[in-house]
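Asker: Quick one, fold the following:
(2 chains)
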There are 2 protein chains.
Amino acid sequence: MQSLTADNIIVFFLSLGLLLGVARVLGELAQRFHQPAVLGELLAGVILGPTVLGSLAPEAGAFLFPQEGPNAIALNTITTLAVVLFLLVAGMEVDLSIISKQGKVAPRVSISGIVLPFLIGLAAAWIAPQALGRDLDADPLIFSLFLATALSISALPVIAKTLMDLDLYRSDFGMIIVSAAVFDDLVGWIIFAIILGLINSAANHSNHILMTIVLTLAFAGIMLTLGRWLIHRLLPFLQAYTRWPGGVLSFALVLALLGAAFTEWIGIHAIFGSFLVGVAVGDSPHLRERTRVIIDQFVSFFFAPVFFASIGLKVNFLTHFDLTLVVTVLLIACVCKLAGGTLGARWGGMPKRESWAVGFAMNSRGAIEIVLGLLALQAGIIRDRLFVALVIMAIVTSMMSGPAIRLILRLGKKRTLLDAISSKLFTRELQAFSSSMAIHELSAMACEASGLNTGEVEAAVWEREEILPTGIGNGVALPHARIGGISKPIVAVGISGMGIDFDAPDDKLAHVIFLILTPVDAPDTQLEITAELAKLFRGYGMTERVLKIKSYTEFLALVKSSTVEANPA
Amino acid sequence: MQSLTADNIIVFFLSLGLLLGVARVLGELAQRFHQPAVLGELLAGVILGPTVLGSLAPEAGAFLFPQEGPNAIALNTITTLAVVLFLLVAGMEVDLSIISKQGKVAPRVSISGIVLPFLIGLAAAWIAPQALGRDLDADPLIFSLFLATALSISALPVIAKTLMDLDLYRSDFGMIIVSAAVFDDLVGWIIFAIILGLINSAANHSNHILMTIVLTLAFAGIMLTLGRWLIHRLLPFLQAYTRWPGGVLSFALVLALLGAAFTEWIGIHAIFGSFLVGVAVGDSPHLRERTRVIIDQFVSFFFAPVFFASIGLKVNFLTHFDLTLVVTVLLIACVCKLAGGTLGARWGGMPKRESWAVGFAMNSRGAIEIVLGLLALQAGIIRDRLFVALVIMAIVTSMMSGPAIRLILRLGKKRTLLDAISSKLFTRELQAFSSSMAIHELSAMACEASGLNTGEVEAAVWEREEILPTGIGNGVALPHARIGGISKPIVAVGISGMGIDFDAPDDKLAHVIFLILTPVDAPDTQLEITAELAKLFRGYGMTERVLKIKSYTEFLALVKSSTVEANPA
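Answerer: Here you go, the predicted model:
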């Protein structure tokens, strides 16, 4: 059997390791600056691909990422599998049941949100195809249909993430947007599948296009009804009679792979199969959280970064960058989706301000647009120049969505414990042996870091402490006060090995003391941080763990990982 | 860039989906009959490969699993990645710290457990090479060294699993075996790496063998000391400053890929790199459970089954089956490892009976032997005939280990809740509205299924109930009695929508009632089942969930998945 040689294997693991490593580092950096991770992941490919490495050191580029031969096939195999699994996860995030639960607003937003951009896109591509980057030899109908679809599609994963960051995901506002995006995504993908069918049948000079459309619609229809119902029935059996969660996990993956093979066979793309399988599997309430998390995390942190980084390997982003085209595509994309979303919300009776926020939310295209663009590039519908413009449009629309909604709805930034602690506000060994001394020590530390007056802060905290002691039990105390002259909360952390009496209800000494100072004009912040800490330290186990840590970094690592475990998304 | 065509993609997803699907179904079936999952997974490849499908329908076989071309490369890419990730997980299971914690027994077991089989293997291969399947043109030294290593190695994952099934993993007995196996595995792999280096340098007619050995030992030494220390320092930083658990997850995967590239480059095999990375990463107490579970589960239920099934695609197990050779290999393998393990344990001062149990535990070769054999086959050290014999030896030694230990130590089979419930002992809607009626109804159900006398059972349970009511709170009641004439526990389950008063401490009515009947001569069983149920229903959430289920299958699925969540391995 033909297989990779030792040299192939060296290059394969080296290139895959580099691709994943650089993609993840830049993805994390992007998130640090509150940008989507996919931006950093794409950038990794740009750096390792023809744009940077390929121009600076062509030999290294050709060694790591050869264009031909077994290594090209090997990397292509991984990215093909990666995009199929990425769409499986994207599909699992689609919750069909919420569509039916919404009133009249969501249907109107979704209809307007897809019909308007589609018509505007179709008209624009028909009237000014060259300005939108159409090649002279491209089929005008197929090009226009594609551009219309590319403008209409939303990016459910990005929208969901933005809404979660803004703490709006579970609100009515959030649910309207999510359900509209679910609908638009489904319709958009089905239209795109039909376009791909059109191309393939044109390429083969066959008359199978009707067959492809019928099969596509039939497959989508069956998966979302009968398939969904069957899976919903099957999952409890699998959970009962196979190893758990392995049985369900493999079941979802096998279905996704076979679905991918099937949709590729009917002449559309493999990703539709796994996406629809994802929708059908993810929709079942029997799919337990643990299975979902394992697939989601492994795909998000292994397959997806590799896939997005590999895009940069295929295209030279510098030579194909066309400013006019980028601006044109970006403008038309924003205009048509903002119009669609905002007008739809107004039509559904939403107030003006919220309607604009809906428009901006629906406007983010994110990773889904990039996948769509790549497929169009591979199918020959568009060329590198327009692909680069679409990628930039996808990223810019995603980046502006969060800040725009925050501005329009005049939301304050949500403050959490993690924003309020820092290494300067941390001491591993408190010297104090009484609560007043501990408050003094922590106040002095907080004031040194922030420039506040120690005496005032200490007095305010002590005054509060005397009214009602702040030991909450399990070895934790939360002395606090609202303070003028600060704009964001400050939390100073002190650990005491011997323990300090904060008069806790369980009579235990406090080993971990959080001094919480919050702005006077943000009355909820203190409550939020207190609640977060109480949740974190619900059992005594957490206090014991804190007592074992040696540095601020270990403390931060513990708090962060425990917060995720206490609130599984 | 060269890539898979649409036809390639169809075949790729279809073959991968089939391979994974069949492997997982047969793997689950094997486990159902208390056999190792890898047996079923291998069988999947035998069925889909040249042995069965290839002989019955050669065209289908050639279509699904072509020997040449892009699809051969694509599948080889996945299986190469799969085995590297499988060894990463195997490495993560190695806990170096337990080696130093053991007294004199473990070192003696491990030394004797590797030295004896190695010497016996070396001698046998030297004296009777043909009887052990050596090819006439094979290098006698390399062949003898390989066979000695193949006989010496243990399979840590299989041993750990067997001990867990027997509930011996956390015992002194278990820890001695595990730490001996850890040591033997590490040494065995390093010897094998050196053998591969020998072959490669012989093949290239180069004198780099010394270099390869030095690099191998240096890499192993550095990874297990400095590398381990650095990773241990880095993990808290990653947990603190990256998304969690994604940062740590990607970090482990990137290290494994780069380690694989490095060890392949120094002339041994890619798997050593990821195995040693796994040991170094897995050893850090900072690696939190969640990260471990995600990698472990995705690899165990996606990559590993695909890898083991793919082995069957490479070899015809029927034409290369040589009964004499199989029996010879099996006999010598058992003799030398049983001798090594048992004598080592005796030398360490263990009683005779326990020493034999140690021998049988160390004797299981499992999946690790199969990986080793495959590498030797690919490197040309052995031929298909001996490979088939090694695979069969690996499976048989793993299968006999559990039952042999159980027999030698005279262990009873551990009874759990899941063994005691069944669809015949379940009613979704109890008719009863008092505790005595509920006990009557459940007793009648239990007796009908088991042939006991209803009156007697009911009287025994009721007598116990009158002494102290069995409502444990959270909507659960556990009426029970010890009964003569049964050999295993019987648990009848009734759900009551309206609730029944079992005089619980929290004054709540019982909605889920378990009638627990245990044998008179197994005094602990009742306590074990009661404890298991109390743990399962610790919060009221579980009772609410049970009230929503509609069938026995859903009930079983819920209990099973919740048991895993309550006891994360």
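Asker: Could you use CA atoms for every contact and neighbour count after this?
Answerer: Noted.
Asker: Please give me every residue in contact with A:Ile10.
Answerer: For A:Ile10, the contacting residues are B:260-262, B:264-265, B:270, by C-alpha atoms under 8 Å, 6 or more residues apart in numbering or on different chains.
Asker: overlap between those residues and the residues near chain A?
Answerer: Restricting the contacts of A:Ile10 to those near chain A by C-alpha under 8 Å from any C-alpha of the partner chain leaves B:260-262, B:264-265, B:270.
Asker: Put the buried members of those into a PyMOL selection.
Answerer: This is the PyMOL syntax for the buried subset of the ones next to chain A among the contacts of A:Ile10, where burial follows 16 or more other C-alpha atoms under 10 Å in any protein chain shown:
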select buried, chain B and resi 260+261+262+264+265+270
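Asker: could I get the ones next to chain A among the contacts of A:Ile10 as JSON lines with pLDDT and secondary structure?
Answerer: What follows is those, written out as JSON lines (pLDDT from 0 to 100; DSSP: H, G, I helix; E, B strand; the rest coil):
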{"residue": "B:Ala260", "pLDDT": "96", "secondary structure": "helix"}
{"residue": "B:Ala261", "pLDDT": "96", "secondary structure": "helix"}
{"residue": "B:Phe262", "pLDDT": "95", "secondary structure": "helix"}
{"residue": "B:Glu264", "pLDDT": "90", "secondary structure": "helix"}
{"residue": "B:Trp265", "pLDDT": "90", "secondary structure": "helix"}
{"residue": "B:Ala270", "pLDDT": "90", "secondary structure": "helix"}
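Asker: Nearest to chain A among the ones next to chain A among the contacts of A:Ile10?
Answerer: B:Ala261 (4.6 Å; C-alpha to the nearest C-alpha).
Asker: isn't that closest one right up against B:Ala270?
Answerer: Yes. In this structure, B:Ala261 sits in contact with B:Ala270. The criterion is C-alpha atoms under 8 Å, and the distance is 6.0 Å.
Asker: Return every residue with contacts to both of these two.
Answerer: Between them, B:Ala261 and B:Ala270 share these contacting residues under C-alpha under 8 Å, 6+ apart: A:9-10.
Asker: and the residue in the stretch 51-200 of chain A that chain B sits nearest to, how many neighbours?
Answerer: Taking C-alpha to the nearest C-alpha as the measure, the stretch 51-200 of chain A has A:Gln67 as its residue closest to chain B, at 4.4 Å. The local packing count at A:Gln67 equals 17, with neighbours defined by other C-alpha atoms under 10 Å in any protein chain shown.
Asker: quick one: it from A:Thr77, how far?
Answerer: According to C-alpha to C-alpha, to the nearest Å, A:Gln67 stands 14 Å off from A:Thr77.
Asker: what does A:His232 give?
Answerer: A:His232 is 31 Å from A:Thr77, where distance means C-alpha to C-alpha.
Asker: A:Ser97 too?
Answerer: A:Ser97 sits 35 Å away from A:Thr77 when distances are taken as C-alpha to C-alpha.
Asker: More neighbours: those two, which one.
Answerer: A:Thr77 (24 against 11).
Asker: Remind me what whichever strand or helix holds that one packs against, helices and strands.
Answerer: Secondary-structure assignment from DSSP states H and E places A:Thr77 in helix A:70-92. Using 3 or more C-alpha pairs under 8 Å, 6 or more residues apart in numbering or on different chains; DSSP states H and E as the contact test, the elements touching helix A:70-92 are helix A:6-32, helix A:246-265, helix A:270-282, helix A:304-314, helix B:70-92.
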